[in-house]
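S.K.: how would this look folded up:
(2 chains)
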Amino acid sequence: DVKVTQSSRYLVKRTGEKVFLECVQDMDHENMFWYRQDPGLGLRLIYFSYDVKMKEKGDIPEGYSVSREKKERFSLILESASTNQTSMYLCASSPAPYNEQFFGPGTRLTVL
Amino acid sequence: SQQGEEDPQALSIQEGENATMNCSYKTSINNLQWYRQNSGRGLVHLILIRSNEREKHSGRLRVTLDTSKKSSSLLITASRAADTASYFCATRVEAGSYQLTFGKGTKLSVIP
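M.R.: Below you'll find the predicted structure:
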């Protein structure tokens, strides 16, 4: 079974802190994705990566950056966390663009 | 703007009944996927239907796709309490796109 893991289930940070969310997949997938999920807004794509060191902006990249140094790992970085970044963050991976996506359990981030 | 819109937003049924959820979208698609999300967890892929397919089955799930009406439906037969979850449709807009666009979901409650 494909396994996508995220570094934390719950995280509480202060405004202005730098925050790292880590995602690891164990199935050698080329494509990885970061979404945030908010009530009433559904899932919105922040960034995705289709290869090591490659990244593309999604719908809401402002305030975020990403890093993909190894195929299995995709990191989401909040350079200076703000309260409006309080959300559920979901990582996903996919073997090919047209295929299903496999999701991690999510990280619920609270920025105080 | 949202590509996929699920309807209804919430649905409550008795165990054993069938549940039908609908998804409408705006532009031509390559494929449409349905996902389930248990409360506070990641999404799980249920079924993928390609634009040239009209119907697909998986266990108690039946998905239909009507590209002329730009709509899809997900039918869960003989529902169980464990089917209680939110259900999302996701569309891949064009052949070259890596991006899936998710709707806001239908929250299904199955009452034992």
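
S.K.: residue B:91 - that's part of a strand, no?
M.R.: Yes. Per DSSP: H, G, I helix; E, B strand; the rest coil, residue B:91 lies within a strand segment.

S.K.: all strands for chain B, in order.
M.R.: B:5-7, B:10-14, B:19-24, B:31-37, B:43-50, B:55-58, B:61-66, B:71-76, B:85-92, B:100-102, B:106-111 (DSSP state E).

S.K.: between those, which gets nearest to residue A:54?
M.R.: Smallest distance to residue A:54 across these (CB to CB): 17.9 Å, for strand B:100-102. All C-beta spots, glycine's among them, are computed from the backbone N, C-alpha and C.

S.K.: ok, residue B:58 - contacts?
M.R.: Counting by CB atoms under 8 Å, 6 or more residues apart in numbering or on different chains, residue B:58 touches B:46, B:47.

S.K.: now do it against residue B:45, distance only.
M.R.: According to CB to CB, to the nearest Å, residue B:58 and residue B:45 sit 10 Å apart.

S.K.: can you check residue A:8 too?
M.R.: Residue A:8 is 23 Å from residue B:45, by CB to CB.

S.K.: got it, and residue A:60?
M.R.: Computed as CB to CB, the residue A:60 to residue B:45 distance reads 23 Å.

S.K.: over to residue A:45?
M.R.: Separation of residue A:45 from residue B:45 (CB to CB): 16 Å.

S.K.: again, but for residue A:93
M.R.: Distance of residue A:93 to residue B:45, computed by CB to CB: 12 Å.

S.K.: just for the chain, where's the confidence low?
M.R.: All of this refers to chain A. For chain A, the stretches with pLDDT under 70 are A:1-2.

S.K.: wrong one, I was asking about chain B
M.R.: Within chain B, the stretches with pLDDT under 70 are B:1-3, B:94-97.

S.K.: within range of chain A, give me the residues from it.
M.R.: Residues of chain B lying close to chain A by CB under 8 Å from any CB of the partner chain are B:2, B:30-31, B:33, B:35, B:40-45, B:48, B:88, B:92, B:96-105.

S.K.: what do you get if the cut-off is 10 Å, keeping everything else the same?
M.R.: B:2, B:4-6, B:9, B:30-31, B:33-35, B:37, B:40-48, B:50, B:86, B:88, B:90, B:92, B:95-105 (CB under 10 Å from any CB of the partner chain).

S.K.: any of those buried? List them.
M.R.: Buried members of those, counted by 16 or more other CB atoms under 10 Å in any protein chain shown: B:4-6, B:30-31, B:33-35, B:37, B:41-43, B:45-48, B:86, B:88, B:90, B:92, B:98-105.

S.K.: residue numbers of chain A in contact with chain B?
M.R.: Counting by CB under 10 Å from any CB, chain A sits next to chain B at A:2, A:4, A:6, A:9-10, A:30-31, A:33, A:35, A:37, A:39-45, A:48-50, A:56, A:58-59, A:88, A:90-92, A:94, A:96-106, A:108.

S.K.: go again with 7 Å.
M.R.: A:31, A:40, A:42-43, A:45, A:48, A:50, A:58, A:90, A:97-98, A:100-101, A:103-106 (CB under 7 Å from any CB of the partner chain).

S.K.: just the ones of those in helices?
M.R.: Counting by DSSP state H, the residues of chain A next to chain B place none of their members in helices.

S.K.: which ChimeraX command selects the buried ones in those?
M.R.: In ChimeraX, a selection of the buried entries from the residues of chain A next to chain B looks like this (16+ other CB under 10 Å):
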select /A:31,42,43,45,48,50,58,90,97,98,100,101,103,104,106
